[in-house]
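>>> this one's structure only:
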C-alpha cells in the first residue's frame with residue numbers, strides 16, 4: 001500500500017459471441033436521429049438485448065465493445081442503458097478480459113480563479129476529454145471515492161463563499177453512461193475529511209464541520225440502499241487526513257488531531273466485520289489530502305509488521321513542487337499540483353529493475369492537478 005509522505009481468465013476471442021453471424025452497429029455508425037429512439041414501444045426495454053441471440057451471448061457482445069462507445073450505446077434503449085450501468089456489465093467485461101482503465105483528473109481552469117473541471121486521460125497519444133460539469137456549487141475540501149465504475153464526490157465547502165458554507169451533498173458520476181446524479185446526503189456536513197471504499201461500502205471519517213468544529217464522526221454508505229449510516233466514531237477528532245481501504249480494513253492516516261501538536265503520526269484502523277477501531281502508533285507523518293512537498297519521497301506500508309519504507313524521488317523541477325498521486329496500471333503517477341513549465345509527470349514502477357523504477361510519461365492534465373482517480377470498466 002502506498003502512502004504520501006512529507007509536509008504533507010485470459011481474454012475470450014472474438015468468436016465467443018459469433019455463434020450468429022452479425023456486426024454490432026453502434027448508433028454513431030447508423031446515424032439514427034435521436035427522435036427515433038424516443039418513439040420505441042413502451043415494452044422495448046423488456047425485450048432481449050440483441051434480438052435473435054441468447055441473453056448470455058448478447059451480454060458478451062456488448063461487453064466486447066470499446067469503452068469509448070458506452071455512452072452512445074446507453075442511448076439505444078432502456079434495456080441497454082440498464083445493463084451497461086450495472087455491476088454485471090463490469091463483471092462480464094472482466095470475464096472476457098476487456099476492462100479498460102482511464103484516469104480522471106480534476107484540474108484548475110486557467111484564468112478562472114477557483115474554477116475546476118474533470119477531464120479524462122486515456123493514453124498519451126489520445127486527446128483529453130472533459131466530463132459534463134459537476135452539479136452543485138464549486139467546492140473545495142471534498143472527498144472522492146471510486147466504486148463499481150462510478151466516481152463519488154462527497155461534501156466539502158463552497159469555494160466561492162468560504163469554509164462557513166459546509167456541504168452534505170453527494171454526487172455520483174457514472175463512467176459508463178457519462179452522466180452525474182445526486183445521491184443521499186451525509187448525516188453530517190463536513191470538509192477536509194478522510195474517505196475510502198472497503199468491501200463495497202464507502203466510508204467518510206472526521207473532518208471539519210459547521211463553524212469549523214473538528215469531527216470524530218464516521219459514516220458508511222450502502223450503494224444498494226442509497227443510505228448513509230453513522231457508525232462507531234474515531235477515538236478523537238481528526239481533519240486534513242487521508243483514508244484508504246486495504247486488506248478489508250479502513251485506514252485513516254495523517255492530518256491533524258485535537259490531541260496532538262502539529263501533524264499526527266498515528267493511524268486509525270477500522271475493521272468492518274468487528275465494528276471496532278484500533279490505533280497504530282507507527283504511522284506515516286504529515287499525510288495531507290493526497291499531496292506533500294519538500295521531503296520528496298514516497299513511503300510504502302507493510303501491514304505484516306506495520307512498517308514503512310521510504311522511496312526517494314528523482315531530482316526534477318522545483319524542490320517545493322507539490323504532487324498528486326495516482327496508481328495506474330500497477331504503476332504510480334505523480335501529477336504536479338502547480339503549473340510548472342517543462343514539468344513532466346513522474347511514473348514509478350515497483351516491478352522495474354533496480355535503478356530504473358522512475359521514468360517520465362506524457363500523460364499530463366491540461367492544468368494543475370487538484371485530485372485524480374482511476375476508473376476501470
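Received it, and whenever you're ready, just let me know what you need. All values derive from a computational prediction rather than experimental measurement.
>>> Over to the closest residue to residue 240 other than its chain neighbours: give its phi and psi.
Nearest residue to residue 240 in three dimensions, chain neighbours excluded: residue 255, at 3.8 Å (CB to CB, 6 or more residues apart in numbering). All C-beta atoms are positioned from the backbone trio N, CA, C, and that covers glycine. Note on residue 255: backbone dihedrals following degrees, to the nearest 10 are phi 70, psi -160.
>>> What is the neighbour count of residue 255?
The tally of other residues near residue 255 (other CB atoms under 10 Å) stands at 24.
>>> what does residue 331 give?
Neighbour count of residue 331, defined by other CB under 10 Å: 16.
>>> Now do the same contact list for it.
Residues in contact with residue 331 (CB atoms under 8 Å, 6 or more residues apart in numbering) are 347, 348, 349, 350.
>>> Show the pLDDT at the second one.
Spelled out, that is residue 348. Residue 348 carries a pLDDT value of 87.
>>> Pull out the buried members of the contacts of residue 331.
The neighbour-count test (16 or more other CB atoms under 10 Å) marks 347, 348 as buried among those.
>>> Name the nearest of the contacts of residue 331 relative to residue 335.
Checking the contacts of residue 331 against residue 335 with CB to CB, the nearest one is residue 347 at 10.5 Å.
>>> shouldn't that closest one be in contact with residue 356?
No: at 11.2 Å, residue 347 does not count as touching residue 356 under the criterion of CB atoms under 8 Å.
>>> Buried residues in stretch 160-169, which are they?
163, 165, 166, 167, 168, 169.
>>> Give me the distance from that stretch to the chain's centre.
Relative to its parent chain, stretch 160-169 has a centroid offset of 22 Å by CA atoms, centre = their mean, to the nearest Å.
>>> Other residues contacting that stretch?
The contact list for stretch 160-169 (CB under 8 Å, 6+ apart) reads 114, 136-139, 141-142, 154-158, 182, 185-191, 208-212.
>>> Of those residues, which belong to helices?
If you go by DSSP state H, those have nothing in helices.
>>> Return a PyMOL selection command for the buried portion of these.
Of these, the buried ones can be selected in PyMOL as follows, counting by 16+ other CB under 10 Å:
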select buried, resi 136+139+141+142+154+155+156+157+158+186+188+189+190+191+208+209
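>>> one step back: any chance of TSV for the buried residues of stretch 160-169, columns secondary structure?
Listed next are those as TSV, based on DSSP: H, G, I helix; E, B strand; the rest coil:
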residue	secondary structure
163	coil
165	coil
166	strand
167	coil
168	coil
169	coil
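>>> buried residues in stretch 215-234?
For stretch 215-234, burial by neighbour count (16+ other CB under 10 Å) applies to 215, 216, 217, 218, 219, 220, 221, 223, 228, 231, 234.
>>> ah, wrong one, I meant stretch 255-274
255, 256, 257, 263, 264, 265, 266, 267, 268, 269, 270, 272.
>>> Give the bridge partners for the second one, please.
With DSSP bridges applied, residue 256 shows beta-bridge pairing to residue 239, residue 263.
>>> Looks like it contacts residue 264 (just checking).
Yes: assessed by CB under 8 Å, residue 256 is found in contact with residue 264 at 6.3 Å.
>>> tell me, what's touching the two both at once?
The contact sets of residue 256 and residue 264 overlap at residue 238 (CB under 8 Å, 6+ apart).
>>> Could you pull up the mean pLDDT of the helix or strand hosting residue 90?
Element membership of residue 90, judged by DSSP states H and E, is helix 87-95. The average of the pLDDT scores along helix 87-95 is 97.
>>> in stretch 328-341, what counts as buried?
By 16+ other CB under 10 Å, the buried positions in stretch 328-341 come out as 328, 331, 332, 333, 334, 335, 336, 337, 338.
>>> Check these and tell me the two furthest apart.
Greatest spatial distance among the buried residues of stretch 328-341 (CB to CB): 331 and 338, at 22.3 Å.
>>> circling back to that earlier point, which of the buried residues of stretch 328-341 lies closest to residue 73?
Nearest member of these to residue 73, counting by CB to CB, is residue 328, at 25.0 Å.
>>> distance of the closest one from residue 349?
Here the criterion is CB to CB, to the nearest Å. By it, residue 328 lies 11 Å from residue 349.
>>> Could you identify the helix or strand that succeeds the lowest-mean-pLDDT helix or strand in the chain?
For the chain, counting by mean pLDDT, DSSP states H and E, helix 34-38 ranks last in confidence among helices and strands (a mean of 33). Once the chain leaves helix 34-38, the next helix or strand it forms, by DSSP H and E, is helix 55-63.
>>> coming back round to it: sort the buried residues of stretch 255-274 by pLDDT and name the bottom one.
Among the buried residues of stretch 255-274, residue 263 carries the weakest pLDDT, at 66.
>>> Low-confidence regions, the stretch 101-250 of the chain specifically.
110-114, 123-126 (pLDDT under 70).
>>> can you rerun that using 90?
Applying pLDDT under 90 to the stretch 101-250 of the chain picks out residues 107-116, 121-129, 136-138, 158-164, 246-247.
>>> Strands of the stretch 251-377 of the chain, residue ranges please.
Applying DSSP state E, counting those that start in this stretch to the stretch 251-377 of the chain gives strands spanning 256-257, 267-271, 276-280, 297-302, 307-312, 323-328, 331-336, 345-348, 358-361, 369-376.
>>> With distance to residue 246 added, can I get the ones you listed in JSON lines?
Output for the strands of the stretch 251-377 of the chain, formatted as JSON lines (distance: least, CB to CB, whole Å):
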{"stretch": "strand 256-257", "distance to residue 246": "21"}
{"stretch": "strand 267-271", "distance to residue 246": "9"}
{"stretch": "strand 276-280", "distance to residue 246": "12"}
{"stretch": "strand 297-302", "distance to residue 246": "8"}
{"stretch": "strand 307-312", "distance to residue 246": "14"}
{"stretch": "strand 323-328", "distance to residue 246": "12"}
{"stretch": "strand 331-336", "distance to residue 246": "15"}
{"stretch": "strand 345-348", "distance to residue 246": "18"}
{"stretch": "strand 358-361", "distance to residue 246": "24"}
{"stretch": "strand 369-376", "distance to residue 246": "16"}
